[in-house]
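Trainee: sequence and predicted structure, then a few things I'm wondering about:
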Amino acid sequence: MAERVLELRDVRYRYPTGAEALDGVTVDVGAGEKVGLVGPNGAGKSTLLLAIAGFLPAEGHIRVAGHTLTASTARDVRRHLGLVFQDPDDQLFMPRLGEDVAFGPQTMGLGPAEVETRVAEALEAVGMAGCEDRSPHHLSQGEKQRAALATVLAMRPQILALDEPTAGLDPRARRRLMDLLRGFASTLLVVGHDLDLILRVCGRAVLMDSGRVAADGPAEQLLADRVLLESHGLELPPSLADRA
Amino acid sequence: MHHVMLDHFAAQDTPVHRLDPAAKTLAALALILATVLVQRDHLLPFTIVAAALAAYYVVGKVPPLYAAKRLLIVSPFVLAVVVLFPFFEPGQRLWAVHLGPWVLSVSDVGLARAAHLGSKFVLCALTALGLLATTPFHGVLAGLARLRVPRAFVVQLAFLYRYLWVLLDEGMRLRRARLARDAGQGPWRVRFRSHTSLVGVLFLRTFDRAERIYWAMAARGFDGRLPAPAVRKMQAKDAVFLAAAAAIALTVLLLDRLLYG
(Lines give C-alpha, C1' and ligand atoms only; values in the text may rest on other atoms or scores of the structure.)
Protein backbone atom coordinates (compact mmCIF):
# COMPACT_ATOMS: atom_id res chain seq x y z
CA MET A 1 0.00 0.00 0.00
CA ALA A 2 1.19 3.50 -0.76
CA GLU A 3 1.95 5.93 2.05
CA ARG A 4 -0.96 6.01 4.49
CA VAL A 5 -2.74 9.34 4.82
CA LEU A 6 -5.48 8.09 7.12
CA GLU A 7 -5.14 5.55 9.91
CA LEU A 8 -8.03 4.57 12.15
CA ARG A 9 -7.45 2.00 14.91
CA ASP A 10 -10.30 0.81 17.08
CA VAL A 11 -12.13 4.14 17.02
CA ARG A 12 -15.01 4.23 19.49
CA TYR A 13 -17.59 6.84 20.30
CA ARG A 14 -20.67 6.76 22.48
CA TYR A 15 -23.37 9.45 22.20
CA PRO A 16 -24.05 11.41 25.40
CA THR A 17 -27.35 9.50 25.53
CA GLY A 18 -25.40 6.24 25.90
CA ALA A 19 -25.99 4.79 22.44
CA GLU A 20 -22.94 3.25 20.78
CA ALA A 21 -22.21 5.18 17.56
CA LEU A 22 -18.74 3.88 16.69
CA ASP A 23 -17.87 0.44 18.00
CA GLY A 24 -14.24 -0.14 17.13
CA VAL A 25 -13.61 1.11 13.60
CA THR A 26 -10.27 0.18 12.01
CA VAL A 27 -9.53 1.43 8.48
CA ASP A 28 -6.38 2.50 6.61
CA VAL A 29 -6.43 4.70 3.53
CA GLY A 30 -3.38 5.10 1.29
CA ALA A 31 -2.39 8.28 -0.53
CA GLY A 32 -4.44 8.82 -3.68
CA GLU A 33 -6.97 6.13 -2.80
CA LYS A 34 -10.64 6.86 -3.43
CA VAL A 35 -12.82 5.24 -0.80
CA GLY A 36 -16.61 5.12 -0.60
CA LEU A 37 -18.08 4.74 2.87
CA VAL A 38 -21.53 3.13 2.64
CA GLY A 39 -24.06 1.72 5.07
CA PRO A 40 -27.63 2.07 6.28
CA ASN A 41 -28.90 5.13 8.15
CA GLY A 42 -27.43 5.30 11.62
CA ALA A 43 -24.46 3.08 10.73
CA GLY A 44 -22.09 5.76 12.02
CA LYS A 45 -20.72 7.04 8.69
CA SER A 46 -21.19 10.76 9.33
CA THR A 47 -20.22 10.31 12.97
CA LEU A 48 -16.95 8.77 11.78
CA LEU A 49 -16.23 11.85 9.64
CA LEU A 50 -16.87 14.15 12.60
CA ALA A 51 -14.63 11.98 14.78
CA ILE A 52 -11.80 12.09 12.21
CA ALA A 53 -12.02 15.89 12.17
CA GLY A 54 -11.78 15.95 15.97
CA PHE A 55 -15.29 17.28 16.62
CA LEU A 56 -16.29 14.36 18.83
CA PRO A 57 -14.33 13.04 21.82
CA ALA A 58 -13.77 9.59 20.28
CA GLU A 59 -11.50 6.93 21.77
CA GLY A 60 -8.90 5.04 19.79
CA HIS A 61 -6.15 6.07 17.43
CA ILE A 62 -6.78 8.53 14.59
CA ARG A 63 -3.92 9.68 12.38
CA VAL A 64 -4.39 12.09 9.47
CA ALA A 65 -1.52 12.99 7.11
CA GLY A 66 1.07 12.17 9.74
CA HIS A 67 -0.69 13.99 12.62
CA THR A 68 -2.05 11.89 15.45
CA LEU A 69 -5.33 13.46 16.54
CA THR A 70 -5.34 14.94 20.04
CA ALA A 71 -7.02 18.04 21.41
CA SER A 72 -3.92 20.09 20.62
CA THR A 73 -3.39 18.76 17.08
CA ALA A 74 -7.01 19.03 15.91
CA ARG A 75 -6.15 22.19 13.98
CA ASP A 76 -3.28 20.52 12.10
CA VAL A 77 -5.48 17.55 11.31
CA ARG A 78 -8.27 19.76 9.92
CA ARG A 79 -5.76 21.61 7.77
CA HIS A 80 -5.05 18.40 5.87
CA LEU A 81 -8.60 17.12 5.90
CA GLY A 82 -10.99 18.90 3.56
CA LEU A 83 -14.33 18.15 5.16
CA VAL A 84 -17.44 19.09 3.17
CA PHE A 85 -20.67 18.94 5.14
CA GLN A 86 -23.90 17.61 3.74
CA ASP A 87 -25.86 20.88 3.71
CA PRO A 88 -23.95 23.48 1.68
CA ASP A 89 -25.89 26.18 3.54
CA ASP A 90 -23.85 25.22 6.59
CA GLN A 91 -20.63 25.17 4.62
CA LEU A 92 -21.03 28.55 2.91
CA PHE A 93 -21.24 31.02 5.76
CA MET A 94 -19.74 34.21 4.34
CA PRO A 95 -21.82 36.85 2.51
CA ARG A 96 -19.80 36.50 -0.69
CA LEU A 97 -18.52 33.36 -2.40
CA GLY A 98 -15.02 34.81 -2.89
CA GLU A 99 -14.70 35.54 0.85
CA ASP A 100 -15.98 32.09 1.69
CA VAL A 101 -13.42 30.31 -0.47
CA ALA A 102 -10.73 32.66 0.91
CA PHE A 103 -11.68 31.82 4.51
CA GLY A 104 -9.62 28.59 4.74
CA PRO A 105 -6.46 29.92 3.09
CA GLN A 106 -6.68 33.07 5.26
CA THR A 107 -6.88 31.08 8.49
CA MET A 108 -3.81 29.18 7.24
CA GLY A 109 -1.98 32.50 7.39
CA LEU A 110 -1.32 32.83 3.64
CA GLY A 111 -0.61 36.23 2.13
CA PRO A 112 -3.25 38.17 0.12
CA ALA A 113 -1.72 37.37 -3.27
CA GLU A 114 -1.49 33.64 -2.53
CA VAL A 115 -5.06 33.66 -1.13
CA GLU A 116 -6.31 35.27 -4.33
CA THR A 117 -4.55 32.66 -6.47
CA ARG A 118 -5.99 29.83 -4.38
CA VAL A 119 -9.53 31.25 -4.61
CA ALA A 120 -9.36 31.62 -8.39
CA GLU A 121 -7.84 28.15 -8.74
CA ALA A 122 -10.43 26.46 -6.50
CA LEU A 123 -13.39 28.14 -8.24
CA GLU A 124 -11.89 27.22 -11.59
CA ALA A 125 -11.54 23.59 -10.47
CA VAL A 126 -15.26 23.31 -9.75
CA GLY A 127 -16.28 25.15 -12.91
CA MET A 128 -17.26 28.39 -11.16
CA ALA A 129 -14.45 30.70 -12.27
CA GLY A 130 -15.33 34.37 -11.87
CA CYS A 131 -18.16 33.77 -9.38
CA GLU A 132 -16.31 35.48 -6.49
CA ASP A 133 -18.90 38.22 -6.11
CA ARG A 134 -21.99 36.04 -6.00
CA SER A 135 -23.92 35.54 -2.76
CA PRO A 136 -24.43 31.95 -1.58
CA HIS A 137 -28.20 32.42 -1.35
CA HIS A 138 -28.35 33.30 -5.04
CA LEU A 139 -26.77 29.99 -6.09
CA SER A 140 -28.63 26.87 -7.24
CA GLN A 141 -28.30 23.70 -5.19
CA GLY A 142 -25.78 22.22 -7.64
CA GLU A 143 -23.74 25.43 -7.62
CA LYS A 144 -23.85 25.52 -3.81
CA GLN A 145 -22.55 21.96 -3.63
CA ARG A 146 -19.68 22.71 -6.02
CA ALA A 147 -18.93 25.98 -4.23
CA ALA A 148 -18.76 24.08 -0.93
CA LEU A 149 -16.19 21.81 -2.55
CA ALA A 150 -14.18 24.85 -3.67
CA THR A 151 -14.04 26.18 -0.09
CA VAL A 152 -11.95 23.17 0.98
CA LEU A 153 -10.05 22.71 -2.31
CA ALA A 154 -8.56 26.16 -1.73
CA MET A 155 -6.80 24.73 1.32
CA ARG A 156 -5.22 21.98 -0.84
CA PRO A 157 -6.02 19.24 1.67
CA GLN A 158 -4.40 15.82 1.43
CA ILE A 159 -7.76 14.13 1.98
CA LEU A 160 -11.13 15.27 0.70
CA ALA A 161 -13.98 13.98 2.87
CA LEU A 162 -17.48 14.51 1.51
CA ASP A 163 -20.73 13.76 3.31
CA GLU A 164 -23.55 12.88 0.88
CA PRO A 165 -22.26 15.17 -1.88
CA THR A 166 -25.09 14.38 -4.30
CA ALA A 167 -28.00 14.77 -1.86
CA GLY A 168 -30.67 17.00 -3.38
CA LEU A 169 -28.99 17.34 -6.78
CA ASP A 170 -30.78 16.83 -10.09
CA PRO A 171 -29.24 14.31 -12.55
CA ARG A 172 -27.31 16.92 -14.48
CA ALA A 173 -25.80 18.56 -11.40
CA ARG A 174 -25.06 15.11 -9.98
CA ARG A 175 -23.28 13.96 -13.14
CA ARG A 176 -21.25 17.15 -13.21
CA LEU A 177 -20.12 16.62 -9.61
CA MET A 178 -19.33 13.00 -10.36
CA ASP A 179 -17.08 13.91 -13.29
CA LEU A 180 -15.42 16.51 -11.10
CA LEU A 181 -14.66 13.99 -8.35
CA ARG A 182 -13.31 11.43 -10.84
CA GLY A 183 -10.85 14.03 -12.06
CA PHE A 184 -9.41 14.82 -8.62
CA ALA A 185 -5.98 13.41 -7.85
CA SER A 186 -6.21 13.76 -4.05
CA THR A 187 -7.27 11.08 -1.62
CA LEU A 188 -11.03 10.92 -1.43
CA LEU A 189 -13.42 9.70 1.24
CA VAL A 190 -17.06 9.80 0.11
CA VAL A 191 -19.89 9.02 2.50
CA GLY A 192 -23.28 8.35 1.01
CA HIS A 193 -26.22 6.36 -0.20
CA ASP A 194 -25.51 7.16 -3.84
CA LEU A 195 -23.89 3.80 -4.61
CA ASP A 196 -23.65 4.55 -8.33
CA LEU A 197 -21.56 7.60 -7.52
CA ILE A 198 -19.26 5.50 -5.35
CA LEU A 199 -19.06 2.77 -7.99
CA ARG A 200 -18.02 5.28 -10.62
CA VAL A 201 -15.69 7.39 -8.51
CA CYS A 202 -14.17 5.08 -5.91
CA GLY A 203 -11.93 2.08 -6.33
CA ARG A 204 -12.62 0.82 -2.85
CA ALA A 205 -15.74 0.58 -0.70
CA VAL A 206 -16.10 0.26 3.06
CA LEU A 207 -19.44 -0.99 4.35
CA MET A 208 -20.39 0.11 7.86
CA ASP A 209 -23.24 -1.13 10.02
CA SER A 210 -24.00 -0.52 13.71
CA GLY A 211 -20.79 1.41 14.23
CA ARG A 212 -18.56 -1.33 12.84
CA VAL A 213 -16.84 -2.08 9.55
CA ALA A 214 -18.86 -4.94 8.05
CA ALA A 215 -16.93 -5.29 4.79
CA ASP A 216 -14.00 -3.62 3.07
CA GLY A 217 -12.87 -4.31 -0.49
CA PRO A 218 -12.79 -3.27 -4.15
CA ALA A 219 -15.92 -1.23 -4.91
CA GLU A 220 -16.72 -3.27 -8.02
CA GLN A 221 -16.90 -6.49 -6.02
CA LEU A 222 -18.43 -5.21 -2.82
CA LEU A 223 -21.16 -3.15 -4.50
CA ALA A 224 -22.06 -6.07 -6.79
CA ASP A 225 -22.63 -8.44 -3.86
CA ARG A 226 -26.40 -8.40 -3.61
CA VAL A 227 -26.56 -10.73 -0.59
CA LEU A 228 -24.06 -8.69 1.40
CA LEU A 229 -25.72 -5.36 0.57
CA GLU A 230 -29.22 -6.60 1.33
CA SER A 231 -28.17 -8.10 4.64
CA HIS A 232 -27.13 -4.56 5.67
CA GLY A 233 -30.26 -2.80 4.46
CA LEU A 234 -28.80 -1.66 1.13
CA GLU A 235 -29.56 -2.55 -2.49
CA LEU A 236 -27.47 -3.04 -5.60
CA PRO A 237 -26.60 0.26 -7.30
CA PRO A 238 -29.20 0.93 -10.04
CA SER A 239 -26.61 0.60 -12.82
CA LEU A 240 -25.78 -2.97 -11.67
CA ALA A 241 -29.37 -3.90 -10.83
CA ASP A 242 -30.40 -3.24 -14.44
CA ARG A 243 -27.85 -5.73 -15.68
CA ALA A 244 -28.85 -8.47 -13.25
CA MET B 1 -37.49 29.37 -2.57
CA HIS B 2 -37.08 32.89 -3.78
CA HIS B 3 -37.09 36.04 -1.70
CA VAL B 4 -37.00 39.59 -2.92
CA MET B 5 -33.60 40.77 -1.82
CA LEU B 6 -32.74 44.04 -0.21
CA ASP B 7 -29.85 44.45 -2.63
CA HIS B 8 -31.86 43.41 -5.66
CA PHE B 9 -30.55 46.24 -7.83
CA ALA B 10 -27.08 46.24 -6.31
CA ALA B 11 -25.56 44.24 -9.16
CA GLN B 12 -26.09 47.01 -11.74
CA ASP B 13 -23.23 48.99 -13.19
CA THR B 14 -23.80 52.74 -12.92
CA PRO B 15 -21.56 55.60 -11.74
CA VAL B 16 -22.97 55.39 -8.19
CA HIS B 17 -22.65 51.59 -8.12
CA ARG B 18 -18.95 51.99 -8.91
CA LEU B 19 -18.31 54.30 -5.93
CA ASP B 20 -16.41 53.06 -2.90
CA PRO B 21 -18.87 51.45 -0.44
CA ALA B 22 -17.16 53.16 2.49
CA ALA B 23 -17.68 56.58 0.86
CA LYS B 24 -21.33 55.77 0.17
CA THR B 25 -21.90 54.52 3.71
CA LEU B 26 -20.34 57.64 5.17
CA ALA B 27 -22.33 59.90 2.81
CA ALA B 28 -25.56 58.14 3.79
CA LEU B 29 -24.74 58.60 7.48
CA ALA B 30 -24.04 62.32 6.94
CA LEU B 31 -27.33 62.81 5.13
CA ILE B 32 -29.29 60.89 7.76
CA LEU B 33 -27.64 62.85 10.57
CA ALA B 34 -28.43 66.20 8.89
CA THR B 35 -32.05 65.15 8.28
CA VAL B 36 -32.56 64.06 11.85
CA LEU B 37 -31.06 67.29 13.23
CA VAL B 38 -33.43 69.60 11.31
CA GLN B 39 -35.58 71.41 13.88
CA ARG B 40 -37.85 73.88 12.09
CA ASP B 41 -41.03 73.01 10.30
CA HIS B 42 -40.00 74.28 6.94
CA LEU B 43 -40.05 72.52 3.62
CA LEU B 44 -36.76 73.83 2.20
CA PRO B 45 -34.24 71.63 4.09
CA PHE B 46 -36.31 68.52 3.46
CA THR B 47 -36.70 69.46 -0.21
CA ILE B 48 -32.93 69.70 -0.62
CA VAL B 49 -32.43 66.22 0.86
CA ALA B 50 -35.24 64.83 -1.28
CA ALA B 51 -33.77 66.38 -4.43
CA ALA B 52 -30.33 64.94 -3.66
CA LEU B 53 -31.86 61.51 -3.10
CA ALA B 54 -33.90 61.75 -6.29
CA ALA B 55 -30.75 62.55 -8.28
CA TYR B 56 -28.97 59.60 -6.66
CA TYR B 57 -31.83 57.23 -7.47
CA VAL B 58 -31.96 58.41 -11.08
CA VAL B 59 -28.21 57.99 -11.65
CA GLY B 60 -28.28 54.61 -9.85
CA LYS B 61 -31.26 53.46 -11.98
CA VAL B 62 -33.26 52.41 -8.95
CA PRO B 63 -36.96 52.23 -9.90
CA PRO B 64 -39.07 54.54 -7.66
CA LEU B 65 -41.71 51.82 -7.31
CA TYR B 66 -39.12 49.46 -5.86
CA ALA B 67 -38.11 52.06 -3.26
CA ALA B 68 -41.76 52.81 -2.47
CA LYS B 69 -42.50 49.14 -1.84
CA ARG B 70 -39.51 48.70 0.49
CA LEU B 71 -40.57 51.89 2.26
CA LEU B 72 -44.01 50.43 2.89
CA ILE B 73 -42.48 47.35 4.47
CA VAL B 74 -40.49 49.32 7.05
CA SER B 75 -43.04 52.05 7.65
CA PRO B 76 -45.71 50.47 9.91
CA PHE B 77 -43.62 50.82 13.08
CA VAL B 78 -42.95 54.51 12.64
CA LEU B 79 -46.24 55.45 11.04
CA ALA B 80 -48.16 53.95 13.95
CA VAL B 81 -46.53 56.57 16.18
CA VAL B 82 -46.70 59.45 13.70
CA VAL B 83 -50.42 58.93 13.09
CA LEU B 84 -51.14 59.42 16.78
CA PHE B 85 -49.40 62.80 17.07
CA PRO B 86 -52.19 65.02 15.73
CA PHE B 87 -54.52 63.64 18.38
CA PHE B 88 -52.31 63.96 21.43
CA GLU B 89 -50.22 67.11 20.91
CA PRO B 90 -51.82 70.17 22.51
CA GLY B 91 -52.50 73.15 20.24
CA GLN B 92 -55.28 74.84 18.36
CA ARG B 93 -58.09 72.43 17.68
CA LEU B 94 -58.63 72.01 13.92
CA TRP B 95 -61.10 69.21 13.85
CA ALA B 96 -62.90 67.18 16.50
CA VAL B 97 -65.17 64.22 16.71
CA HIS B 98 -67.37 63.38 19.71
CA LEU B 99 -67.46 59.76 20.79
CA GLY B 100 -69.90 59.70 23.70
CA PRO B 101 -68.05 61.17 26.68
CA TRP B 102 -64.75 61.42 24.78
CA VAL B 103 -63.61 64.06 22.35
CA LEU B 104 -61.09 63.12 19.69
CA SER B 105 -59.45 66.25 18.33
CA VAL B 106 -56.73 67.10 15.84
CA SER B 107 -54.43 70.00 16.72
CA ASP B 108 -52.42 72.18 14.34
CA VAL B 109 -49.21 71.66 16.30
CA GLY B 110 -49.76 67.93 16.32
CA LEU B 111 -50.38 67.83 12.61
CA ALA B 112 -47.21 69.80 11.87
CA ARG B 113 -45.29 67.53 14.23
CA ALA B 114 -46.56 64.45 12.44
CA ALA B 115 -45.65 65.87 9.03
CA HIS B 116 -42.19 66.83 10.31
CA LEU B 117 -41.44 63.41 11.80
CA GLY B 118 -43.03 61.61 8.89
CA SER B 119 -40.81 63.45 6.40
CA LYS B 120 -37.73 62.72 8.47
CA PHE B 121 -38.57 59.05 8.58
CA VAL B 122 -39.28 58.79 4.86
CA LEU B 123 -36.07 60.63 3.94
CA CYS B 124 -33.87 58.59 6.29
CA ALA B 125 -35.40 55.33 5.11
CA LEU B 126 -34.95 56.32 1.47
CA THR B 127 -31.31 57.19 2.14
CA ALA B 128 -30.64 53.77 3.66
CA LEU B 129 -32.59 52.02 0.89
CA GLY B 130 -30.65 53.98 -1.72
CA LEU B 131 -27.38 52.81 -0.21
CA LEU B 132 -28.50 49.17 -0.13
CA ALA B 133 -29.96 49.31 -3.63
CA THR B 134 -26.68 50.51 -5.14
CA THR B 135 -24.16 48.64 -3.00
CA PRO B 136 -23.91 44.86 -2.59
CA PHE B 137 -24.32 43.96 1.06
CA HIS B 138 -20.77 42.70 1.39
CA GLY B 139 -19.70 46.13 0.15
CA VAL B 140 -21.69 47.82 2.91
CA LEU B 141 -20.04 45.46 5.41
CA ALA B 142 -16.58 46.23 4.07
CA GLY B 143 -17.49 49.92 4.26
CA LEU B 144 -18.57 49.61 7.88
CA ALA B 145 -15.35 47.75 8.71
CA ARG B 146 -13.35 50.53 7.05
CA LEU B 147 -15.16 53.09 9.19
CA ARG B 148 -13.88 51.28 12.29
CA VAL B 149 -17.25 49.86 13.27
CA PRO B 150 -16.39 47.12 15.82
CA ARG B 151 -15.55 43.84 14.08
CA ALA B 152 -17.97 41.81 16.21
CA PHE B 153 -20.85 44.01 15.05
CA VAL B 154 -19.92 43.73 11.37
CA VAL B 155 -19.58 39.94 11.68
CA GLN B 156 -23.01 39.74 13.35
CA LEU B 157 -24.51 41.65 10.44
CA ALA B 158 -22.77 39.39 7.94
CA PHE B 159 -24.18 36.26 9.55
CA LEU B 160 -27.61 37.85 9.89
CA TYR B 161 -27.65 38.66 6.21
CA ARG B 162 -26.37 35.21 5.24
CA TYR B 163 -28.75 33.17 7.38
CA LEU B 164 -31.88 35.31 7.52
CA TRP B 165 -33.08 33.82 4.23
CA VAL B 166 -32.18 30.31 5.28
CA LEU B 167 -34.18 30.83 8.47
CA LEU B 168 -37.13 32.30 6.57
CA ASP B 169 -37.12 29.31 4.21
CA GLU B 170 -37.10 26.93 7.14
CA GLY B 171 -39.93 28.79 8.86
CA MET B 172 -41.93 28.81 5.64
CA ARG B 173 -41.48 25.06 5.16
CA LEU B 174 -42.60 24.36 8.74
CA ARG B 175 -45.63 26.61 8.32
CA ARG B 176 -46.63 24.91 5.08
CA ALA B 177 -46.26 21.47 6.62
CA ARG B 178 -48.56 22.58 9.45
CA LEU B 179 -51.09 24.19 7.10
CA ALA B 180 -51.13 21.11 4.89
CA ARG B 181 -52.58 19.15 7.80
CA ASP B 182 -54.76 21.89 9.30
CA ALA B 183 -58.31 21.10 8.27
CA GLY B 184 -59.56 24.29 9.92
CA GLN B 185 -61.78 22.48 12.44
CA GLY B 186 -61.41 21.55 16.08
CA PRO B 187 -60.76 23.57 19.22
CA TRP B 188 -58.81 26.76 18.57
CA ARG B 189 -56.60 26.06 21.57
CA VAL B 190 -55.11 22.98 19.91
CA ARG B 191 -54.52 24.85 16.69
CA PHE B 192 -52.98 27.80 18.52
CA ARG B 193 -50.66 25.51 20.46
CA SER B 194 -49.31 24.02 17.24
CA HIS B 195 -48.29 27.55 16.25
CA THR B 196 -46.31 28.07 19.42
CA SER B 197 -44.55 24.72 19.09
CA LEU B 198 -43.63 25.74 15.54
CA VAL B 199 -41.58 28.57 16.99
CA GLY B 200 -39.94 26.12 19.39
CA VAL B 201 -39.03 23.75 16.57
CA LEU B 202 -37.60 26.62 14.55
CA PHE B 203 -35.49 27.63 17.53
CA LEU B 204 -34.12 24.12 17.99
CA ARG B 205 -33.31 23.79 14.30
CA THR B 206 -31.52 27.11 14.39
CA PHE B 207 -29.54 25.89 17.36
CA ASP B 208 -28.50 22.72 15.52
CA ARG B 209 -27.59 24.68 12.44
CA ALA B 210 -25.45 27.04 14.49
CA GLU B 211 -23.46 24.04 15.69
CA ARG B 212 -23.03 22.68 12.16
CA ILE B 213 -21.92 26.09 10.90
CA TYR B 214 -19.42 26.30 13.73
CA TRP B 215 -18.08 22.87 12.75
CA ALA B 216 -17.81 23.92 9.12
CA MET B 217 -15.85 26.98 10.22
CA ALA B 218 -13.62 25.04 12.60
CA ALA B 219 -12.99 22.45 9.86
CA ARG B 220 -11.41 25.25 7.88
CA GLY B 221 -9.26 26.54 10.70
CA PHE B 222 -11.53 29.07 12.46
CA ASP B 223 -10.04 30.05 15.80
CA GLY B 224 -12.38 32.85 16.88
CA ARG B 225 -10.98 35.55 14.62
CA LEU B 226 -12.53 36.25 11.24
CA PRO B 227 -10.17 37.39 8.49
CA ALA B 228 -10.48 41.09 7.74
CA PRO B 229 -12.00 41.94 4.36
CA ALA B 230 -9.79 43.30 1.62
CA VAL B 231 -9.35 47.06 1.87
CA ARG B 232 -10.03 49.18 -1.18
CA LYS B 233 -8.39 52.54 -1.66
CA MET B 234 -10.59 55.61 -1.95
CA GLN B 235 -10.27 57.27 -5.34
CA ALA B 236 -10.72 60.88 -6.41
CA LYS B 237 -14.32 60.33 -7.56
CA ASP B 238 -15.16 58.80 -4.17
CA ALA B 239 -13.70 61.84 -2.40
CA VAL B 240 -15.70 64.16 -4.67
CA PHE B 241 -18.89 62.24 -3.95
CA LEU B 242 -18.25 62.32 -0.23
CA ALA B 243 -17.50 66.06 -0.35
CA ALA B 244 -20.75 66.69 -2.25
CA ALA B 245 -22.74 64.69 0.31
CA ALA B 246 -21.07 66.56 3.16
CA ALA B 247 -21.81 69.90 1.46
CA ILE B 248 -25.49 68.99 1.11
CA ALA B 249 -25.68 67.88 4.74
CA LEU B 250 -24.04 71.12 5.91
CA THR B 251 -26.28 73.28 3.72
CA VAL B 252 -29.34 71.62 5.19
CA LEU B 253 -28.14 72.24 8.72
CA LEU B 254 -27.07 75.85 8.05
CA LEU B 255 -30.37 76.69 6.36
CA ASP B 256 -32.21 75.28 9.31
CA ARG B 257 -30.14 77.31 11.80
CA LEU B 258 -29.53 80.62 10.01
CA LEU B 259 -32.62 81.35 7.97
CA TYR B 260 -35.20 80.23 10.43
CA GLY B 261 -33.30 80.45 13.70
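Mentor: Nice, thanks for sending it over.
Trainee: A:His137 contacts B:Arg162, doesn't it?
Mentor: Yes - using CB atoms under 8 Å, A:His137 is in contact with B:Arg162, at 7.3 Å. No exception for glycine: its C-beta is placed from N, CA and C like everyone else's.
Trainee: got any ranges where the chain has weak pLDDT?
Mentor: Going with chain A. A:1-2, A:243-244 (pLDDT under 70).
Trainee: if you could check chain B rather than the one you did, that'd help
Mentor: Ranges of chain B meeting pLDDT under 70: B:1-7, B:227-232, B:260-261.
Trainee: the more surrounded of A:His137 and B:Arg162?
Mentor: Neighbours per residue, other CB atoms under 10 Å in any protein chain shown: of A:His137 and B:Arg162, the larger number sits with B:Arg162, 22 against 19.
Trainee: mind listing what the more buried one touches?
Mentor: Contact partners of B:Arg162, counting by CB atoms under 8 Å, 6 or more residues apart in numbering or on different chains, are A:Leu92, A:Phe93, A:Met94, A:Pro95, A:Pro136, A:His137.
Trainee: need the nearest residue in space to the first one, chain neighbours excluded.
Mentor: Which is A:Leu92. Spatially, and ignoring its direct neighbours in sequence, A:Leu92 is nearest to A:Pro136 (4.0 Å; CB to CB, 6 or more residues apart in numbering or on different chains).
Trainee: same check on the fourth one?
Mentor: Distance criterion CB to CB, 6+ apart; nearest residue to A:Pro95, sequence neighbours excluded, is B:His138 at 4.4 Å.
Trainee: tell me which residues touch the one you found, please.
Mentor: A:Pro95, A:Arg96, A:Glu99, A:Asp133, A:Ser135, B:Ala158, B:Pro229.
Trainee: same thing with B:Pro63?
Mentor: B:Phe9.
Trainee: so how far is B:Ala249 from it?
Mentor: In this view, B:Pro63 and B:Ala249 are 26 Å apart by CB to CB, to the nearest Å.
Trainee: picking up where we left off before, shouldn't the residue nearest to A:Leu92 be in contact with A:Gly98?
Mentor: No - A:Pro136 is beyond contact range of A:Gly98, at 11.0 Å (criterion: CB under 8 Å).
Trainee: show me what A:Asp23 is bridged to.
Mentor: Taking DSSP bridges as the rule, A:Asp23 bridges to A:Arg12.
Trainee: for the residue lying closest to A:Gln91 once chain neighbours are set aside, what is the enclosing helix or strand?
Mentor: Once flanking residues are discounted, A:Gln91 sits nearest to A:Ala148: 4.0 Å by CB to CB, 6+ apart. For A:Ala148, the host element (DSSP states H and E) is helix A:141-153.
Trainee: near chain B, which residues of chain A?
Mentor: A:50, A:53, A:55, A:75, A:78-79, A:81, A:83, A:85, A:87, A:89-96, A:99, A:102-104, A:106-108, A:112, A:133, A:135-138, A:151-152, A:155 (CB under 8 Å from any CB of the partner chain).
Trainee: which of the residues you listed fall in helices?
Mentor: By the criterion of DSSP state H, membership of the residues of chain A next to chain B in helices covers A:50, A:75, A:78-79, A:89-91, A:99, A:102-104, A:106-107, A:112, A:151-152.
Trainee: what number of residues lie near residue 141?
Mentor: You didn't say which chain, so I picked chain A. Quick note: A:Gln141 (other CB under 10 Å) scores 14 neighbours.
Trainee: not quite, go with chain B.
Mentor: Based on other CB under 10 Å, the number of other residues close to B:Leu141 is 24.
Trainee: got the contact list for it?
Mentor: A:Pro95, B:Val154, B:Leu157, B:Ala158, B:Tyr161, B:Pro229.
Trainee: hang on, the earlier thing: just among the contacts of B:Arg162, which is most surrounded?
Mentor: In these, the most neighbours by other CB under 10 Å go to A:Leu92, 28 neighbours.
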